[in-house]
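[1] any chance you can model this:
(one chain, ligands or ions: 1)
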Amino acid sequence: MTLLISFSIEKMKYQLLFVNKKSKMKVYLLLFLIPLLSFTQMNEFDTKYLKNLNEKEKEIIVNKGTERPFSGEFDNFFKDGIYVCKACDTPLYHSNSKFNSNCGWPSFDDEIKGATIKIEDNSLGMKRIEICCANCKGHLGHVFYGEKYTEKNTRHCVNSLSLKFIKK
Ligand SMILES: [Zn+2]
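    As a prediction, the model looks like this:
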């Protein structure tokens, strides 16, 4: 994305040489708006944590992908400990909030207070709530309410690739 933007800016600078004053103003306005937009996009994931991730993890955490159901390391995993963000090590979930939903991804009915942020996600023709790490903004998965799996009536459906497990 950044590469594409810098390429477009170069192209526009080049074109600037050939346009009149009035359209120059428009181009300057665009030159101002494009870096602003790219800044907003970069703000979504704190790029200083990129070095902690391999390509598969980047696909999930940065590009908001989803790992295949029943494929993740923690899907069928119930040891005592704490789950932290794969990118920035922020503690996200205690193992005592993990439950077996049989949905194909690790499921938690509660988070460590304030560990995630929720964002409305209307992609793929569905109305869902995306969850991201509150610290680095890395994508974790989605949260669903009212399914009655547990007393807390909440299911954080999280990609294993977004998590790191630390044994108690
Ligand atoms: Zn994080």
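
[2] what about the residue minimising distance to the centre of the chain, distance to N96?
    The residue lying closest to the centre of the chain (CA atoms, centre = their mean) is H139, at 2.0 Å. Note on H139: its distance to N96, by CB to CB, to the nearest Å, is 24 Å. C-beta coordinates here come from the backbone N, C-alpha and C atoms, glycine included.

[3] packing partners of the helix or strand harbouring C132?
    Applying DSSP states H and E as the criterion places C132 in strand 128-133. Applying 3 or more CB pairs under 8 Å, 6 or more residues apart in numbering; DSSP states H and E, one finds that strand 128-133 contacts strand 116-121, strand 139-145.

[4] quick check: angle from that strand to strand 139-145?
    Interaxial angle of strand 128-133 relative to strand 139-145 (axes from the mean of the first three to the mean of the last three CA atoms, to 10 degrees): 130 degrees.

[5] average pLDDT for strand 128-133, rounded please.
    Confidence for strand 128-133, expressed as mean pLDDT, is 97.

[6] for that strand, buried residues please.
    Buried residues in strand 128-133, counted by 16 or more other CB atoms under 10 Å: 128, 130-133.

[7] check the residues you listed against the ion, which are close?
    Near the ion, judged by CB under 5 Å from the ion, the entries from the buried residues of strand 128-133 are C133.

[8] between the buried residues of strand 128-133, which is nearest F108?
    Proximity of those to F108 (CB to CB) peaks at I131, which lies at 9.9 Å.
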